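Chemist: model this:
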Amino acid sequence: MGKAWVVLVSGWIGLAALAASAHEMGHEMGHGGMMMHGMDAGPMAEDGRVSLHLAAPMRMMQKRMMREHLAAVQAIVGLVADGRFDEAAKIAHEKLGLTPAMKKMCDMFGNNDFRTMGLAFHSQADELGKVLKTRNLNKSLRALHSVLNSCVQCHARFRQ
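Modeler: Purely as a prediction, here's the structure:
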């Protein structure tokens, strides 16, 4: 049942990524007023999240990083499904962990709450890498859940 569950989770992540990509593409293309159920939401429709007020180059860099993080999570899920825990741990540390480059990136943001959440995410990813090395599927899935919870919480609170 473990492998089937991991494949199911991987599918959910893929669907979430597809939905997020479609949503972001609409914003990047300057859709100028998106029609939703017959109502014009407009390009600046508020969704209740805190804007980071990023300049265009920083916004594009941040979107690229989020896509890279999502690809890393997808790779981790696939590797765990194949029983390749050590490779998954390496990706968790190198692509998601609190490397000096990631710390520097987080320090570039002016919003302290966003920076704090980002640093916590990267620290949780390092913990995920440690747990993956134990090769314990249930503990690994719990650690991955914690990492993904950080993603969900941050995306629920902030927008570009």
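Chemist: worst-scoring helix or strand of the protein, pLDDT-wise?
Modeler: strand 35-36 (a mean of 37; mean pLDDT, DSSP states H and E).
Chemist: Spell out, range by range, the helices that occur in the protein.
Modeler: Secondary structure of the chain (DSSP state H): helices located at 2-28, 56-81, 85-91, 100-107, 112-132, 137-157.
Chemist: Switch those over to a markdown table; also include mean pLDDT, distance to G48 and mean neighbour count.
Modeler: C-beta: built from backbone N, CA, C; applies to glycine. A markdown table is the format used below for the helices of the chain (pLDDT from 0 to 100; distance: least, CB to CB, whole Å; neighbours: other CB atoms under 10 Å):
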| stretch | mean pLDDT | distance to G48 | mean neighbour count |
| --- | --- | --- | --- |
| helix 2-28 | 48 | 15 | 13 |
| helix 56-81 | 95 | 19 | 16 |
| helix 85-91 | 98 | 33 | 20 |
| helix 100-107 | 86 | 24 | 13 |
| helix 112-132 | 95 | 15 | 19 |
| helix 137-157 | 96 | 9 | 16 |
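Chemist: can you tell which of the ones you listed is closest to V50?
Modeler: V50 sits nearest to helix 137-157 of all these, at 6.1 Å, using CB to CB.
Chemist: Redo the helices of the chain as CSV? Include distance to V50.
Modeler: Below are the helices of the chain laid out as CSV (distance: least, CB to CB, whole Å):
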stretch, distance to V50
helix 2-28, 16
helix 56-81, 14
helix 85-91, 30
helix 100-107, 16
helix 112-132, 8
helix 137-157, 6
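Chemist: Can you check which of these gets nearest to R49?
Modeler: Closest of those to R49 is helix 137-157, at 6.0 Å (criterion: CB to CB).
Chemist: and the angle for that closest one with helix 112-132?
Modeler: Helix 137-157 runs at 170 degrees relative to helix 112-132, counting by axes from the mean of the first three to the mean of the last three CA atoms, to 10 degrees.
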